[in-house]
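Novice: Let's see this in three dimensions:
(chains A and B)
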Amino acid sequence: MVPVSYYLALSGVLFGLGMIAFVFKRNIITVFMSIELMLNAVNLAFVAFSRALGQLQGQVFVFFVIVVAAAEAAVGLGIILVIARNRQTLNVERVDSLKH
Amino acid sequence: MPILEYLWIIPLLPLAGAAVNGIFGRVWTKKAITSIALGSTTLAFIAALELAREFAALSPEQVPWIKTYFVWISAGNFRSDFTLQVDQLTVVMLLVVTGVGWLIHIYSTGYMAEDVGYQRFFAYLNLFMFFMLLLVLAANYLLMFVGWEGVGLCSYLLIGYFFLKQSATDAGNKAFWVNRVGDFGFILGLLLMLSTFGSLDFAAVLPRVAGMPSEPLGQAGVLTTIALLLFAGATGKSAQLPLYVWLPDAMEGPTPVSALIHAATMVTAGVYMVARSHVIFLKAPVAMEVVAVIGCLTALFAATIGMVQTDMKKVLAYSTVSQLGYMFLACGVGAFGAGIFHLMTHAFFKGLLFLAAGSVIHALGGEQDMRKMGGLRKKIPWTFWTMLTATLAIAGAPGFSGFFSKDEILLAAQRASTPLWALGVLTAGLTSFYMFRLMFLTFFGKERFDKHQVHAHESPRSMLAPLIVLAILAICGGWIAAPQLWGGVNYFDHFLAPVFALAPSAAVDVVAGEAGPGGASDLLQALFSAPVIAGALGFFLAWWLYVRNPETPKQWAESLSPPYKLLSGKYFVDELYAAAVVRPLVWLSDKVLWRAIDEGVIDGAVNGIARVSHESSDRLRLLSSGNTRSYASWVVLGAVVLTSLLLWLAG
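Specialist: Numbers count the residues shown, from 1 in each chain, chains lettered A, B, ... in the order given. Down below sits the predicted model:
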């Protein structure tokens, strides 16, 4: 049996990649995808713990996260569409009207 | 016994009058205001008379008659009720306050008839009556203190009644502040009493004090401290050295106010308080000495200033200070009954003097300077004759009220200490001198006012009637004590004796010891006693100076310039206080309290906080770049910091 630490290491790497992409990428869609990557990294950790501890709660959480991620994807893509239509751009650095 | 059960009615009547006139007076007619103000005081007077009648029927065990109406303050172990009490002393004070107050209300309806603030004046005057009655009816020191402060407030309001005049508002402020000094002592005395005895009720404190040993001269203990602190309050309210300075300035108020508050009633509150606390004072011989000496010195000091004043009301004001000194002298030598007796006769003749002075001022259209009067005897005969009665009474002419009370005081002083007695006799001579000087300057000699502009006229009947009633009282008020001249009983002292049972009442001793067979020689002795002779000398000196040789006073003033200037400058006490107290205080308030503490520390702290938050937010503002990715970086950084912190704490 593969020890749980392996899964956790993989999860950490995935999360780190997602995080780095989130911070350094400029395209909104890529940013969005990096969020999904981080969510799934967390999902992996949940499932791994669930399996290792023999408890179901972790898997239930994963389902929740998947459902919320789906909803978020729907809303987020909607927002991205509106931004793209209004500003003719997908660059997050040009979406800084919060400052003003 | 209706009134004795419902004692609260007596103070409530003038309070209701004050409330009604204060609220509705502005829109009501003068007639309505008059009837409310006069009606409430008349009813209060009638109630006081009825109370005296019912009181006479009480058996000695029922005195003092104490009624508790409701719990006023209850906090922890401390409890103070709204309790009123009646004993012989209260009855005397009640009759004086309501009686003289009623007469002065009548007088005021004539004197103030043309004034625009008619309703305000009567609202204040009624309010004053309420607080004064509360003061004399109170059965504990705390309630008494409410009345005490209340009359001070009304005094302030009425001194500054003509508030458009700068000098009047200044005088009001002065009275208020000087009284604060004394009241501070009073409060300290009450706190010490509370911490020593756990109560402020007369009925709880005084009997316990009576059971304590007397504190000898050498070692002043808690009773002496309490007595001296209470007396500090009395020096403020009753204008004794060193706090008398407010009373002469208080003459800025309307003349009826001077008569009622600053001569007949309020200023005697200190005497009343000392007499009420006589049990404490008797156990503290040091305090008694202080009271006697302060009283005697004040009497002499004020009388000397009164000799050279030219403002008619100022003369009377200094005379009041001087007479109050006599009352404290009486208290200080243990003759509390004599002090209260002089309080009563003084209320009659000094009230009358002020009202008559008001009548003169009224006749001359507002002139108060005696140098611009003269020869008014024929023009305003009623005023002249009533004022002459009062002058004879205050000068102690045999048979008049002042004669009996002043002689009783001086007799008691003689038995206590010869120097006090000698100063008292000297003061009696000075009193007679300055009063007859006032009479001669005002009513005799040449008419020194402008006859074309001033048409001297007698006052209306509403002003003359109180003058006549008071004149009768100024003559007869002392007769109640007269029988002791031929070896009988001094009925006044006899009446008050149960209250002052503890005092080694000098007057009672006189009746018991010195009188007796051979009363006729006592009578002769009284008639040719030192104070009477001193009074006669004062009269002749005044007559010689101001009637016989009207030019001499001016020459004397020039040849005796330094002492004359000292007297007419009132010993420069005001200037001394200004330099020693007022200016340092102003400097402290301006430079330290205002500029350094208020502007520097308090405002500095507030402004500093504002500046720090403004500047720090100026820096923090830069964090909000509006860039989503920088926000995300901060979130990541925060998460990393928090996680490491948690791991570090857990590990």
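
Novice: quick one, what contacts the closest residue to residue B:192 other than its chain neighbours?
Specialist: Distance criterion C-beta to C-beta, 6 or more residues apart in numbering or on different chains; nearest residue to residue B:192, sequence neighbours excluded, is residue B:226 at 5.3 Å. Every C-beta, even on glycine, is put in place using the N, C-alpha and C of the backbone. Residues in contact with residue B:226 (C-beta atoms under 8 Å, 6 or more residues apart in numbering or on different chains) are B:189, B:192-193, B:196, B:280, B:284.

Novice: And residue B:549, how far from residue B:601?
Specialist: Distance of residue B:549 to residue B:601, given as C-beta to C-beta, to the nearest Å: 67 Å.

Novice: Count the residues that sit near the residue of chain B found nearest chain A.
Specialist: Residue nearest to chain A within chain B (C-beta to the nearest C-beta): residue B:626, separated by 2.4 Å. Per other C-beta atoms under 10 Å in any protein chain shown, the neighbour tally for residue B:626 reads 13.

Novice: Kindly report the same for the one 4 residues further on.
Specialist: As a burial measure, residue B:630 scores 15 neighbours (other C-beta under 10 Å).

Novice: gap between it and residue B:314?
Specialist: 84 Å.

Novice: and if you look at residue B:166?
Specialist: Per C-beta to C-beta, residue B:166 is found 18 Å from residue B:314.

Novice: Point out the residues in chain B that sit beside chain A.
Specialist: B:624-629, B:632-633, B:636 (C-beta under 8 Å from any C-beta of the partner chain).

Novice: Max pairwise distance over those: which two?
Specialist: Using C-beta to C-beta, the two most remote members of these are B:626 and B:636, lying 17.9 Å apart.

Novice: Are any of the contacts of residue B:226 buried, and if so which?
Specialist: B:189, B:192-193, B:280, B:284 (16 or more other C-beta atoms under 10 Å in any protein chain shown).

Novice: Mind putting these into CSV with distance to residue B:579?
Specialist: Putting the buried ones among the contacts of residue B:226 into CSV (distance: C-beta to C-beta, whole Å) gives the following:
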residue, distance to residue B:579
B:189, 29
B:192, 32
B:193, 35
B:280, 36
B:284, 34
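
Novice: Filter these down to the ones in helices?
Specialist: B:189, B:192-193, B:280 (DSSP state H).

Novice: residue boundaries of the strands in the stretch 201-350 of chain B?
Specialist: For the stretch 201-350 of chain B, applying DSSP state E, counting those that start in this stretch gives no strands.

Novice: how about low-confidence regions in it?
Specialist: For the stretch 201-350 of chain B, applying pLDDT under 70 flags no range at all.

Novice: residue ranges of the helices in it, please?
Specialist: B:202-210, B:222-237, B:246-249, B:255-259, B:269-276, B:278-282, B:285-306, B:312-332, B:336-363 (DSSP state H, counting those that start in this stretch).

Novice: Could you report the neighbour count for the residue lying closest to residue B:323 once chain neighbours are set aside?
Specialist: The shortest distance from residue B:323 to any non-neighbouring residue, by C-beta to C-beta, 6+ apart, is to residue B:346 (5.1 Å). Each residue near residue B:346 was counted by other C-beta under 10 Å, and the total is 31.

Novice: residues contacting residue B:346?
Specialist: B:263-264, B:268, B:323-324, B:327, B:394, B:402, B:405.

Novice: what's the residue closest to the geometric middle of chain B?
Specialist: residue B:267 (1.5 Å; C-alpha atoms, centre = their mean).

Novice: from memory that residue sits against residue B:260, does it?
Specialist: No. The pair residue B:267 / residue B:260 is not scored as a contact, 10.3 Å apart, by C-beta atoms under 8 Å.

Novice: Quickly list what's touching both of these two.
Specialist: With C-beta under 8 Å, 6+ apart, residue B:267 and residue B:260 have no common neighbours.

Novice: isn't residue B:302 right next to residue B:314, touching?
Specialist: No. Assessed by C-beta under 8 Å, residue B:302 is found out of contact with residue B:314, at 10.8 Å.

Novice: So if I had to pick from those two, which one is more boxed in?
Specialist: residue B:302 (29 against 19).

Novice: Count the neighbours of the closest residue to residue B:235 other than its chain neighbours for me.
Specialist: Spatially, and ignoring its direct neighbours in sequence, residue B:235 is nearest to residue B:243 (4.8 Å; C-beta to C-beta, 6+ apart). Other residues lying near residue B:243 total 22 when counted by other C-beta under 10 Å.

Novice: same deal with residue B:423?
Specialist: The burial count for residue B:423: 21, using other C-beta under 10 Å.

Novice: buried stuff in stretch B:28-46?
Specialist: So, applying 16+ other C-beta under 10 Å, buried residues of stretch B:28-46: B:28, B:33-34, B:36-38, B:40-45.

Novice: Serialize those to CSV and add fields for pLDDT, distance to residue B:338 and secondary structure.
Specialist: Listed next are those as CSV, based on pLDDT from 0 to 100; distance: C-beta to C-beta, whole Å; DSSP: H, G, I helix; E, B strand; the rest coil:
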residue, pLDDT, distance to residue B:338, secondary structure
B:28, 87, 45, coil
B:33, 91, 40, helix
B:34, 92, 38, helix
B:36, 92, 38, helix
B:37, 92, 34, helix
B:38, 93, 34, helix
B:40, 94, 33, helix
B:41, 94, 29, helix
B:42, 95, 31, helix
B:43, 94, 32, helix
B:44, 95, 28, helix
B:45, 95, 26, helix
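
Novice: What count of nearby residues applies to residue B:246?
Specialist: There are 25 residues near residue B:246, going by other C-beta under 10 Å.

Novice: residue ranges with poor pLDDT in the chain?
Specialist: All of this refers to chain A. Residue ranges of chain A with pLDDT under 70: A:98-100.

Novice: look at chain B instead
Specialist: Checking chain B against pLDDT under 70 turns up B:1, B:504-528.

Novice: Residue B:275 and residue B:89 touch, don't they?
Specialist: Yes. Using C-beta under 8 Å, residue B:275 is in contact with residue B:89, at 6.4 Å.

Novice: Now stretch B:256-273 - C-alpha only, CSV.
Specialist: Taking Å, rounded to 0.1, in the frame of the first residue of the first chain, the C-alpha atoms of stretch B:256-273 are listed here in CSV:
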residue,chain,number,x,y,z
PRO,B,256,-36.5,94.5,48.5
VAL,B,257,-34.0,91.7,47.8
SER,B,258,-31.4,93.5,49.9
ALA,B,259,-34.0,93.7,52.7
LEU,B,260,-35.3,90.1,52.5
ILE,B,261,-32.3,88.1,51.5
HIS,B,262,-29.3,90.2,52.4
ALA,B,263,-30.5,91.5,55.7
ALA,B,264,-33.5,89.8,57.3
THR,B,265,-33.3,86.1,56.4
MET,B,266,-30.7,84.4,54.2
VAL,B,267,-27.6,85.9,55.8
THR,B,268,-28.8,84.8,59.2
ALA,B,269,-28.9,81.2,58.1
GLY,B,270,-25.3,80.9,59.4
VAL,B,271,-26.4,82.0,62.8
TYR,B,272,-29.3,79.6,62.7
MET,B,273,-27.0,76.7,61.7
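
Novice: Does the lengthiest helix in chain A reach chain B?
Specialist: For chain A, the helix that runs over the most residues, judged by DSSP H, is helix A:57-87. No. Applying C-beta under 8 Å from any C-beta, one finds helix A:57-87 separated from chain B by no less than 11.2 Å.

Novice: Residue A:55: neighbouring residues, count only.
Specialist: Per other C-beta under 10 Å, the neighbour tally for residue A:55 reads 11.

Novice: That one: what secondary structure?
Specialist: coil (DSSP: H, G, I helix; E, B strand; the rest coil).
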